[in-house]
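Colleague: Sequence first, predicted coordinates after that:
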Amino acid sequence: MQDGNSVPDPICGRCKKQIDMAVRTEVVYQDKMWFHTACHREGADQLFRATRLAEVLTEVKRGVDIIPSPPPAPVVVVP
Ligand SMILES: [Zn+2]
């Protein structure tokens, strides 16, 4: 039979380990996922780096879009 009040222990969205709800103060709930505080911080750091990297890459791409490709080198005909 099912216990309606029983909620399965959440799994950490990062290390995939079961989170003991007894240490509820040490967990973070975000985007419908649970994380250990440490895991969340690590993930946030990584996300921050990834976001910055993505921004930089986007900037580069944008720059490339703006710069027109150089015209083909003229063919020099030596008489
Ligand atoms: Zn974790």
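Modeller: Sure thing, it's come through.
Colleague: now the helix or strand harbouring A44, how far from the chain's geometric center?
Modeller: Element membership of A44, judged by DSSP states H and E, is helix 37-66. Distance, stretch centre to chain centre, for helix 37-66: 8 Å (C-alpha atoms, centre = their mean, to the nearest Å).
Colleague: which helices and strands does that helix pack with?
Modeller: Applying 3 or more C-beta pairs under 8 Å, 6 or more residues apart in numbering; DSSP states H and E, we find helix 37-66 packed against strand 27-30. For glycine as for every other residue, the C-beta is placed from the backbone atoms N, C-alpha and C.
Colleague: In the strand it packs on, which of the residues would be classed as buried?
Modeller: 27-28 (16 or more other C-beta atoms under 10 Å).
Colleague: Please name the strands paired to that strand in the sheet, noting orientation.
Modeller: Using DSSP bridges, the strands paired with strand 27-30 are strand 33-36 (antiparallel).
Colleague: Show me what from the protein comes close to the ion.
Modeller: Where the chain comes near the ion, counting by C-beta under 5 Å from the ion, the residues are 12, 14-15, 36, 39.
Colleague: With distance to Y29 added, can I get those residues in CSV?
Modeller: Output for the residues of the chain next to the ion, formatted as CSV (distance: C-beta to C-beta, whole Å):
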residue, distance to Y29
C12, 11
R14, 13
C15, 15
H36, 11
C39, 12
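Colleague: and the residue lying closest to R14 once chain neighbours are set aside, what is it in contact with?
Modeller: Setting aside the residues directly before and after it, R14 is nearest to C39 in space (C-beta to C-beta, 6 or more residues apart in numbering), at 3.9 Å. Residues near C39 by C-beta atoms under 8 Å, 6 or more residues apart in numbering: 12-15.
Colleague: now, among those, which is nearest to Q30?
Modeller: Nearest to Q30 out of these is G13 (C-beta to C-beta; 8.2 Å).
Colleague: What helix or strand is P72 located in?
Modeller: Judged by DSSP H and E, P72 forms part of no helix or strand.
Colleague: With V78 as the reference, measure out to it.
Modeller: When distance is defined by C-beta to C-beta, to the nearest Å, P72 is 18 Å away from V78.
Colleague: Do you know the pLDDT at the residue nearest the centre of the chain?
Modeller: Nearest to the mean C-alpha position of the chain, counting by C-alpha atoms, centre = their mean, stands L47 at 4.0 Å. Looking at L47, its pLDDT stands at 89.
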